[in-house]
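Q: Give me the fold of what follows.
(one chain, ligands or ions: 1)
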Amino acid sequence: MAALRYAGLDDTDSEDELPPGWEERTTKDGWVYYANHTEEKTQWEHPKTGKRKRVAGDLPYGWEQETDENGQVFFVDHINKRTTYLDPRLAFTVDDNPTKPPTRQRYDSSTTAMDILQGRDFTGKVVVVTGANSGIGFETAKSFALHGAHVILACRNMARASEAVSRILEEWHKAKVEAMTLDLALLRSVQHFAEAFKAKNVALHVLVCNAAVFGLPWSLTKDGLETTFQVNHLGHFYLVQLLQDVLCHSAPARVVLVSSESHRFTDINDTSGNLDFSRLSPSQNDYWAMLAYNRSKLCNILFSNELHRRLSPRGVTSNAVHPGNVMYSSIHRSWWLWTLLFTLARPFTKSMQQGAATTVYCAAAPEMEGLGGMYFNNCCRCLPSAQAQSEETAQALWELSERLVQERLGSASG
Ligand SMILES: NC(=O)c1ccc[n+]([C@@H]2O[C@H](COP(=O)([O-])OP(=O)(O)OC[C@H]3O[C@@H](n4cnc5c(N)ncnc54)[C@H](OP(=O)(O)O)[C@@H]3O)[C@@H](O)[C@H]2O)c1
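A: So this is what the prediction gives:
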């Protein structure tokens, strides 16, 4: 046995022995297949070893291959004057080892945003990242800036934003990076940001909707909506509405919505399957911070999908991503218990650079050009929840969001 293995011939007959009810056959071209008489089915793989085989060499002298009226191959042994359905070369089969293309995934959970951009030059490209003064947004902005892009950090707090700009410039003094004010909790602020951005007269190739709040106590924004819903969804919805003409003129352009796996643990439809506004922007009595966050993250995916449906014909694609689980950013800061949980989980979770990888992958990977309406985790496409895939819900959310923006801005000016 050892000698056989040494000679590369350890593929013994006993291993190849067929289970009862199976028969080995060959096709006209010499490929081996296996017939299961009990279940009346055939397959290419050996039922025990899973190997595929083909016969080697020519038929022995005096043998001929024929086909019967049912198309089945049989063999005529002219010397001994007999016929058989058994290919005499079956004793000398060889493994069929087709050279399979490598299926190894290029990126995984340990990939960083910098790994994805390595060797790329984004000079001349304009990238806007919301909530870029900390956490995943900061690493996303920094990674693009260190690769030549003109990066705008869209942040609600100018002191924190300027400090983030300085941190990027410390790494590369030539980085083209600036901060602009954007408070997603205030529709007027979104409007002012869009006006100021348009006044710069620059293109917009990548828009990353990253900013979010998590675990807040219940509060209403000045526009009269529950804060988590407005910051995480509606503010971004309005921002994209206002910048969509710039995005289209800059095509190919990409939008990325930073969502979360937590979108799976909620529902935004009522019992009759219609979008339920009271779940999106609940009253104080119906409010649970975790649920509000999950719902806003579900909105991110629905919005991304609908945006892609509407803008992809004009060269703007959109994808939603999950950056990672319980990563130690500033997101836990609203409650000490979250901080404790995030601290305990910290050794086991992704770094911020790794957390930014999937966003950067969707925003910049060449293979993502023209692709959208999808949801990614670890730089890999995944299916989001059934509700996140619903076109009706996505359309209803879009229409509701349009109405809310109009109403709130109307009432604010009136
Ligand atoms: N960390 C995780 O484990 C995790 C998991 C899944 C998904 N995510 C998602 O990843 C994204 C980034 O989160 P992160 O973990 O990096 O948290 P983070 O460090 O807290 O970043 C959130 C950013 O959003 C900004 N922001 C909050 N309210 C805003 C407003 N009204 N207007 C404009 N900006 C506002 C924050 O600015 P301030 O500093 O001024 O507050 C901050 O820059 C979020 O969409 C989050 O849902 C995170």
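
Q: what's near enough to touch the spatially closest residue to residue 216 that is not a sequence neighbour?
A: In space, and not counting its chain neighbours, residue 216 is closest to residue 334: 5.2 Å by CB to CB, 6 or more residues apart in numbering. The way it works is simple: take the backbone N, C-alpha and C, and place the C-beta from them, glycine included. Contact analysis of residue 334 by CB atoms under 8 Å, 6 or more residues apart in numbering lists 213, 214, 215, 216, 217, 289.

Q: mind listing what the nearest residue to the first one once chain neighbours are set aside touches?
A: Nearest-residue entry for residue 213: residue 231, 4.9 Å, with adjacent residues in sequence omitted and distances by CB to CB, 6+ apart. Residues in contact with residue 231, defined by CB under 8 Å, 6+ apart, are 184, 185, 211, 212, 213, 221, 296.

Q: and the last one, that's in a helix?
A: By that I understand residue 296. Yes - looking at residue 296 with DSSP: H, G, I helix; E, B strand; the rest coil, it is inside a helix.

Q: and it, how far is that from the ligand?
A: Using CB to the nearest ligand atom, to the nearest Å, residue 296 is found at 8 Å from the ligand.

Q: and that residue, what does it touch?
A: 212, 228, 229, 231, 232, 233.

Q: cool, the third one as well?
A: Residues touching residue 211, when contacts are defined by CB under 8 Å, 6+ apart, comprise 130, 131, 137, 154, 155, 156, 182, 184, 231, 232, 235, 236.

Q: Test my guess that residue 365 contacts residue 116.
A: Yes - counting by CB atoms under 8 Å, residue 116 is a contact partner of residue 365 at 6.4 Å.

Q: Which one of those two is surrounded by more residues?
A: residue 116 (23 against 17; other CB atoms under 10 Å).

Q: distance of that one from the ligand?
A: Noted for residue 116: a distance of 17 Å to the ligand, by CB to the nearest ligand atom.

Q: now residue 160
A: For residue 160, the distance to the ligand - CB to the nearest ligand atom - is 5 Å.

Q: Next up, the contacts around that residue.
A: Contacts for residue 160 (CB under 8 Å, 6+ apart) come out as 133, 134.

Q: The same query, at a cut-off of 7 Å, please.
A: Contacts for residue 160 (CB atoms under 7 Å, 6 or more residues apart in numbering) come out as residue 133.

Q: name the element it belongs to?
A: Here residue 160 is covered by helix 158-171, with elements defined by DSSP states H and E.

Q: Likewise for residue 189?
A: When elements are assigned from DSSP H and E, residue 189 belongs to helix 187-199.

Q: Let me see the residues that make contact with that helix.
A: Here helix 187-199 makes contact (CB under 7 Å, 6+ apart) with 154, 180-184, 223, 235, 238-239, 242-243, 246, 405, 408-409, 412.

Q: Can you show me the strands along the stretch 301-414 of the chain?
A: Assigned by DSSP state E, counting those that start in this stretch, the strands in the stretch 301-414 of the chain fall at 316-322, 374-377, 380-382.

Q: Kindly reformat those as a markdown table containing distance to residue 276, mean pLDDT and mean neighbour count.
A: Formatted as a markdown table, the strands of the stretch 301-414 of the chain follow (distance: least, CB to CB, whole Å; pLDDT from 0 to 100; neighbours: other CB atoms under 10 Å):
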| stretch | distance to residue 276 | mean pLDDT | mean neighbour count |
| --- | --- | --- | --- |
| strand 316-322 | 21 | 98 | 28 |
| strand 374-377 | 22 | 98 | 22 |
| strand 380-382 | 26 | 96 | 12 |
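
Q: out of the ones you listed, nearest to the ligand?
A: Ranking the strands of the stretch 301-414 of the chain by proximity to the ligand (CB to the nearest ligand atom) places strand 316-322 first, at 6.1 Å.

Q: For that closest one, name the packing helices and strands.
A: Applying 3 or more CB pairs under 7 Å, 6 or more residues apart in numbering; DSSP states H and E, we find strand 316-322 packed against strand 253-258, helix 289-311, helix 357-364, strand 374-377.
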